[in-house]
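Student: dropping a prediction and its sequence here:
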Amino acid sequence: MSRRATMLFALVLAPVMSLAASGKVLAEEAQRWAVNMPRGVTSVSNAIYDIHMIAFWICVVIGIGVFGVMFYSMYAHRKSRGAVAANFHENTTAEVVWTIIPALILIVMCIPATSTLLKVYDTSEAEMDIKITAYQWKWQYEYLGEDVVFMSELATPETEIYNTAPKSQYYLQEVSEPLVIPVNTKVRFLITAKDVIHSWWVPDFAVKKDAIPGMVNETWTSVDEPGVYRGECAELCGQGHAFMPIVVNVLEKEEYSAWLSEKKVEVAAIRELTKKTFTLDELMAAGEEAYNRSCASCHMANGEGIPGVFPGLKGSAVATGDISKHLDVVVNGVAGTAMQAFGGQLSEVDLAAIITYERNAWGNDTGDAVQPIDVLKFKQGQ
Amino acid sequence: MAHGPAKGIGRWLFTTNHKDIGTLYLWFSFAMFLLGGSFAMIIRAELFEPGMQIIRPEFFNQMTTMHGLVMVFGAIMPAFVGLANWMIPMMIGAPDMALPRMNNLSFWILPFAFALMASTLFMEGGAPNFGWTFYAPLSTTYAPPTVNYFIFAVHIMGASSIMGSINIIATVLNMRAPGMTLMKMPMFVWTWLITAFLLIAVMPVLAGAVTMMLMDINFGTSFFDAAGGGDPVLFQHVFWFFGHPEVYIIILPAFGVISHIIPTFSRKPLFGYSSMVYATASIAFLSFIVWAHHMFLVGMPIGGELYFMYATMLIAIPTAAKVFNWISTMFRGSMTFETPMLFAIAFVILFTIGGFTGVMVAIAPADVQYHDSYFVVAHFHYVMVAGAVFSGTAAVYYWLPKWCGRMYDESMAKMQFWISFVGFNVTFFPQHFLGLAGMPRRYADYALQFSDWNMVSSIGAFTYGASQLLFLFIVIRTIRSGTPVSEPKVWEGAEGLEWTLPTPVPYHTFSTPPEVK
């Protein structure tokens, strides 16, 4: 049905498409030359797809009627065919009829729209809660009550974006770590942001909700089929707007439980690492990687920032001065500027590595090695 | 007449003549149209293929922002003010606008506003990069320092629009020829009268929004900052309370233009004049009470969501009535298809398509999928470009021979129409597909499955862009060396006071008011 609807949609709207698709594998081409909304894998997405198609067909029928009359008139009532203009300029009956008919059509469209909207808004009786926090330009997923929290950010390398490497299949749609949820389970999402407004959108779930700093929005989903689903940020949030994709891995319930317990062990292990003392070289290596992931989009990989917008770190007073000031800026951010508080986003290990890297890279050469335990103490001492 | 225009540059700097000021507005808006268009060309060139090729994402955001701001405030709005300046006094039999010196001022502050805004492109930190809707806190806490220039520029544009509106209202209400009652006014005058009231109502709201931003950025207030007790969503409410009427400010005068062109080339009076007037007034009223349909995903309570959905759908009724009226005007007419008529018919078709997608995005649950996707980009370009820009182009072809007493080259103009029409549709129709398939708007780069339609769209955009250069060429050629025309009624079927004047129109007209029966 979905395929047939897509094809009909294409037939009506885009004769171009069939031309382009001929001679190639249709299934592969259909995705590339997609013309319609996905039907999706949730009851809500199916309901929305149906409303969309009803509205579309109503528009097509009205369009054929209205444009049909117009084109007929353009053909039949042209001066070159000797048409003589009539002189009517009013017809109350006609005007009343074409006010009432659209009104009735709209009322008919409002009925399924209202019931579907009620469904979209029904976040009650959720079986699990996930808090989604948006940052410039990544997502944090927190499994409430499970002590599992992680960041999910773009995994596509810069080389692919700047065309020095061939683009992989999921270019700009792959992340460091996907959100994992169980199938056939009502999951409630609590969505917020730490900096600017973002919007969490997964088309296959028909879930899109703004992530607004200082507010928590609610929405939900219950996915019918296991699989990997991809989405993106839908609200302009700065230069990384196109580079903070969403990937959701929907697992069978048992697989999900296994994943969750494994994840808990992993989180505990990372916490253990906080107590370890690293060498400067280890911190620099880890720091470069973490810096490029979390800091380079503003401060740039060469530490020079973007003049006038994002300060450079190369030779900066913060990166070469007092360590506790440096810790304060990275952990707590700078109020009123784009510098975020990274204390809640990154692990102590990553924070220590990044600060060490910033203090020694690009000729900053302070020789300071900041250990994870120093970061932890700084955080606790506040 | 006693005297003609002054000599030299002084004519344009100090002019209080409505025709000169109209000309200034039109040339200014065309210059802005080309500037905003060149930003669009950069956007489409970058989106031609996946990957970043030409510009960086940061600059891409500056381009989308400046494109929107320049097109809305610099190209479309001044274009219709220019047409109003030229045509309203001639249509109502007045010698000039009611407040000619203010008329001069309201034009001459505009170039300064846009020079100020465009200069930010060359400043450290770059131009505004937060979208033409400038949502806080991206446009406050996270904005480049040039945001202050942007705020000041918006204030100047607002002042210009308010002065222009006061002038139009004063002219229309006080200076109509004897016998021209309100319900005998030409549709273009009616639509502008209503538009002027909309402008006076909402431009101060925009000024308030940017002033609150200014305070948040520079003076430590927290109107839009939740951490200080404010609310980022408040910004969106205030912005769209301005922003929704704004789209009708853009489109109502376009409706007026079309309501003149279709009867002229159908050689038949406009069908349903009084229902057109009432429909325009209802659209204007409804535009004030539907703003939050731009905000279906901010987490409004369901009651609010349902109200804004129902209220928005109501707009379809008066809008549909207008389309039916235009088609009934054509029906059993005696039609010819000169270039203005071609653009008017394209307007009816494409604006109606934009109206269809408008009803679709009004359906709140479906908007979950459409919102902030390319579907929305396609929707509003169908109403803004195929609506406002096509009708502006139609208006220029329609009235240019009257203004300068020279006829444009019909076959060249028809060619320009067809290139525009094809280019426009190739650009924007595929954007419906991109949005439905899941591509968000304002993306500097995109996933591979969106490559093909983006490439098609870019090719269309370059075609459409080129057709505007052809338009410029045709207009200049007409003014300099078009075939002279001298009959007052340039078009066989044209009706109205402006067509009783000699062609080309003298510098001063209707020094004694005509009698309207």
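Tutor: Received the coordinates, thanks.
Student: tell me the SS of B:N129?
Tutor: coil (DSSP: H, G, I helix; E, B strand; the rest coil).
Student: I'd say it and B:P144 touch.
Tutor: Yes - counting by CB atoms under 8 Å, B:N129 does reach B:P144; the two are 6.4 Å apart. The way it works is simple: take the backbone N, C-alpha and C, and place the C-beta from them, glycine included.
Student: which one's more surrounded, these two?
Tutor: B:N129 (29 against 24; other CB atoms under 10 Å in any protein chain shown).
Student: the residue nearest to that one when sequence neighbours are not counted sits in which helix or strand?
Tutor: Nearest residue to B:N129 in three dimensions, chain neighbours excluded: B:N61, at 3.9 Å (CB to CB, 6 or more residues apart in numbering or on different chains). Assessed by DSSP states H and E, B:N61 sits inside helix B:57-69.
Student: need the residues that contact that helix.
Tutor: A:236, A:238-243, A:306, A:309, B:36, B:39-40, B:42-43, B:46, B:55, B:117-118, B:121, B:126-134, B:150, B:442, B:444-445 (CB atoms under 8 Å, 6 or more residues apart in numbering or on different chains).
Student: rerun at 6 Å
Tutor: Under the criterion CB atoms under 6 Å, 6 or more residues apart in numbering or on different chains, residues A:239, B:36, B:39-40, B:42-43, B:46, B:126-129, B:131-132, B:442, B:444 lie in contact with helix B:57-69.
Student: wait, which of those is closest to A:L327?
Tutor: A:Q239 (26.5 Å; CB to CB).
Student: who are the contact partners of the closest one?
Tutor: Listed by CB under 6 Å, 6+ apart, the contact set of A:Q239 reads B:P57, B:E58.
Student: break chain A into its domains for me.
Tutor: Using automatic domain parsing, the domain parsing of chain A gives A:37-121, A:128-271, A:274-381.
Student: just the pLDDT for A:L13.
Tutor: Looking at A:L13, its pLDDT stands at 53.
Student: just give the nearest non-adjacent residue to B:G4, would you?
Tutor: B:Y507 (5.0 Å).
Student: which secondary structure state does that neighbour sit in?
Tutor: Going by three-state DSSP, the secondary structure assigned to B:Y507 is coil.
Student: how many residues are close by it?
Tutor: B:Y507, neighbours per other CB under 10 Å, totals 13.
Student: A:T221 contacts A:T42, correct?
Tutor: Yes - the pair A:T221 and A:T42 passes the contact test of CB atoms under 6 Å, sitting 5.4 Å apart.
Student: shared neighbours, those two?
Tutor: A:F205.
Student: quick one: B:A98 from B:L173, how far?
Tutor: 9 Å (CB to CB, to the nearest Å).
Student: who has more neighbours, the two?
Tutor: Neighbours around B:A98 and B:L173, counted as other CB under 10 Å, are more numerous at B:A98. The numbers are 19 against 11.
Student: and that one, what is it in contact with?
Tutor: B:A170, B:T171, B:N174, B:M175.
Student: all strands of the stretch 151-300 of chain A, in order?
Tutor: Using DSSP state E, counting those that start in this stretch, the strands found in the stretch 151-300 of chain A span residues A:179-182, A:187-193, A:198-202, A:207-211, A:217-221, A:227-233, A:246-251.
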